[in-house]
Structures are given as structure tokens and as C-alpha cells.
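Trainee: got a structure for you, letters missing:
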Ligand SMILES: Nc1nc2[nH]cc(C(=O)O)c2c(=O)[nH]1
Ligand code: SF4
Ligand SMILES: [Mg+2]
């Protein structure tokens, strides 16, 4: 099967439940959203040279991309102007790239710590038809924990869920659904962004093999109120009220994160949500490949 990705890297998980855990990321290409509203009060076109501070055409490899500070910080994985930087190949080519970045101890360290395989993007569920085949490739025999970093807005097929469930049962593995539904501030329309039936579908992966949480990007009280409203829609549809809800400061850069993190942390205490720092911003300046 054919795969298309923009980067593969090893880092510590920077966000939410598995923060700090060793993780290999496959950043797939394409997204169904563009999230132009993030960190963009002046409504600048995020793919323009004015917003980026550089022209994508002049970039030859992904590591040359400077810090992105407006819009989606993963724009290079889905915007057509970055297409020349993408990679493609079959599952063996992709798995070989993953193996290159894996720590010398492989998928499990001597202390028993598992390396998470994070499928991110872009929107990784747009590749759902090919993901089960990828997970069954022999190079991934030792993978025990797959994290799907999704915006929870792309319908999931019965076939995909069954395949993930079979993989988890046979492998004694786990699937984490890391959901980042987009609020109004992202610029995406509510009815496209908030799809409780998709979150419910995720839970059809057998319960003891399935972890699910929600993670929202906030900067002010309006955003927190919207999270409350949005979660109510998920609860009504059948998502249990004890599901973990994380709030991340709206920030592409560490500077932006620093500016709002204290307010966001205090609001988390007020509303009863879990504060979620973007560790990769603080530790690695949100650099590409970290
Ligand atoms: N360290 C690190 N953690 C992450 N968690 C989610 C990420 C993403 O961009 O999907 C990400 C990322 O890009 N880097
Ligand atoms: S859904 Fe995620 S990857 Fe897609 S544009 Fe929005 S922030 Fe970027
Ligand atoms: Mg990132």
C-alpha cells in the first residue's frame, strides 16, 4: 500500500496523558481543516510569506523550516505549498524510516518502558484505510501502544475500528484516542468540528484496550465556556462524564505559551479541567522533528 508523510521523529510526548513518554511520530500528510484562527488576531493568511516569514518554495528540507507562529504549527504537513517536502512509499519504506529513529533498545526499554507510536499530522484518520495494514507490517511486531492524534471530525468506518480492535487484542496492545476537537477560535465551523458520534465510534475498540481523552486549545474565558458547552454535547451523546479533559494554552511558540499559560492554568483550576503544557515548546522551542 502507498503512504505519504511529512516527517518521522523520536521525541518525548509533549502533550496530555502520556507527556514525557518516549514516542515515535509519523506525521501523515493532509488535513480536512486549516485552523487559520490560531494565534492570528490580525487574520493574516497563514501560508503567506508575511505570516511564515519565508517562502515555502525556497525550503529544500523540512529541517530548514523556521518556527511557525501563526495558524497551524503543522501547516507544512498539509498545505500544498509544502508538497515538495513530503515523502511517499510503501509500508516497508515507511517502517524502515521509523526503525532508523527508534532508540537502540527498540520498542521497550530494559526498565519496561514502551515507546509509543504516535500517528499524527495533518489529520491521520484520513489515512484510515491504510493504517491497519501498516500496523501489521512485521517491522512493527513489537509495537504495543498506538496513539492517534486526531481532530475527531472525520467519520471512522466499522472496518477501521474492527481492525484496530483486532490489532489490540492480538498484540495485547493499546490504542489511545487523543482528541483535539477544534473550538470557534480555530476558525472551523462548529457543526464540522464537533462530532460526538465519532468520539463514540472510537470507544468501540474494546474497553480495556482503549484510552480516550479530549484536549482543547484555549486562551480566554470564552474558550473555557465553549469547552464546557462542547463537552456537554459529548456527554449527551454517551461519552462518560469521567473522560479526561485537558486544556492547552493557545500557542505555536514558547513565547506565546508563556504569555497565556498562567491564566490558562488558573482557569483550569476554576473550571475543573486538567492543565496541559506543551512540553515540546519549553524543551525544544517547538522545533520541527521534536
Ligand atoms: N514532542 C511532541 N509532542 C507532540 N504531541 C503531539 C504533537 C503533534 O504535533 O501532533 C507533538 C509534537 O509535534 N511533538
Ligand atoms: S486540525 Fe490540526 S493539523 Fe489540521 S489544520 Fe487544525 S491544527 Fe492543523
Ligand atoms: Mg506539534
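Mentor: Ah, there it is. Because the structure is predicted, anything quoted here is derived from the model rather than measured. Ligands and ions are numbered 1, 2, ... in the order given.
Trainee: Up against ligand 2, what does the stretch 1-150 of the chain have?
Mentor: Selection of the stretch 1-150 of the chain residues close to ligand 2 by C-beta under 6 Å from any ligand atom yields 31, 33, 34, 35, 72, 74, 121, 122, 123. For glycine as for every other residue, the C-beta is placed from the backbone atoms N, C-alpha and C.
Trainee: Enumerate the residues of this protein near ligand 1.
Mentor: 11, 12, 13, 14, 15, 74, 120, 149, 280, 290.
Trainee: go with 5 Å
Mentor: 11, 14, 15, 120, 149, 280 (C-beta under 5 Å from any ligand atom).
Trainee: Out of those residues, which sit inside strands?
Mentor: Using DSSP state E, the members of the residues of the chain next to ligand 1 that fall within strands are 11, 120, 149.
Trainee: which of those tops the neighbour count?
Mentor: Neighbour counts for those (other C-beta atoms under 10 Å) peak at residue 149, which has 25 neighbours.
Trainee: Which residues are in contact with the spatially closest residue to that one that is not a sequence neighbour?
Mentor: In space, and not counting its chain neighbours, residue 149 is closest to residue 120: 3.9 Å by C-beta to C-beta, 6 or more residues apart in numbering. For residue 120, the contacting residues are 25, 26, 27, 28, 74, 149, by C-beta atoms under 8 Å, 6 or more residues apart in numbering.
Trainee: at 10 Å what do you get?
Mentor: 5-7, 23, 25-28, 74, 77, 147-150, 178 (C-beta atoms under 10 Å, 6 or more residues apart in numbering).
Trainee: again, but for residue 51
Mentor: Taking C-beta under 10 Å, 6+ apart as the test, what residue 51 contacts is 36, 39, 40, 42, 44, 45, 68, 69, 70, 71, 75.
Trainee: Just to be sure, the first one is in a helix?
Mentor: So that's residue 36. No. Residue 36: not assigned to a helix; according to DSSP: H, G, I helix; E, B strand; the rest coil it is coil.
Trainee: Report the separation between the closest residue to ligand 2 within the stretch 151-290 of the chain and ligand 1.
Mentor: Residue of the stretch 151-290 of the chain nearest ligand 2, by C-beta to the nearest ligand atom: residue 151 (4.0 Å). Using C-beta to the nearest ligand atom, to the nearest Å, residue 151 is found at 10 Å from ligand 1.
Trainee: Count residues in the vicinity of that residue, would you?
Mentor: 24.
Trainee: coming back round to it: out of the residues of the stretch 1-150 of the chain next to ligand 2, grab the one that's most surrounded.
Mentor: Of these, with other C-beta under 10 Å as the count, residue 122 tops at 27 neighbours.
Trainee: Hmm, that one is touching residue 35, no?
Mentor: No. Using C-beta atoms under 10 Å, residue 122 is not in contact with residue 35, being 11.4 Å away.
Trainee: Name the residues contacting each of the two.
Mentor: Common neighbours of residue 122 and residue 35 (criterion: C-beta under 10 Å, 6+ apart): 72, 74, 75, 151.
Trainee: Nearest to residue 256 among these?
Mentor: residue 72 (13.6 Å; C-beta to C-beta).
Trainee: Skipping its backbone neighbours, what lies nearest the closest one in space?
Mentor: Residue 72 sits nearest to residue 35 (C-beta to C-beta, 6+ apart), 4.5 Å away.
Trainee: coming back round to it: of the contacts of residue 51, keep whichever come out buried.
Mentor: 36, 39, 40, 68, 69, 70, 71, 75 (16 or more other C-beta atoms under 10 Å).
Trainee: Need the phi and psi values for the fourth one.
Mentor: Per-residue torsions, residue 68: phi -100, psi 130 (degrees, to the nearest 10).
Trainee: can you tell me how far it sits from residue 149?
Mentor: Separation of residue 68 from residue 149 (C-beta to C-beta, to the nearest Å): 17 Å.
Trainee: Repeat that for the third one.
Mentor: According to C-beta to C-beta, residue 40 stands 22 Å off from residue 149.
Trainee: secondary structure class for the residue located most distally from the centre of the chain?
Mentor: The C-alpha centroid of the chain is most remote from residue 110, which lies 27.8 Å away (C-alpha atoms, centre = their mean). Assigned by three-state DSSP, the conformation of residue 110 is coil.
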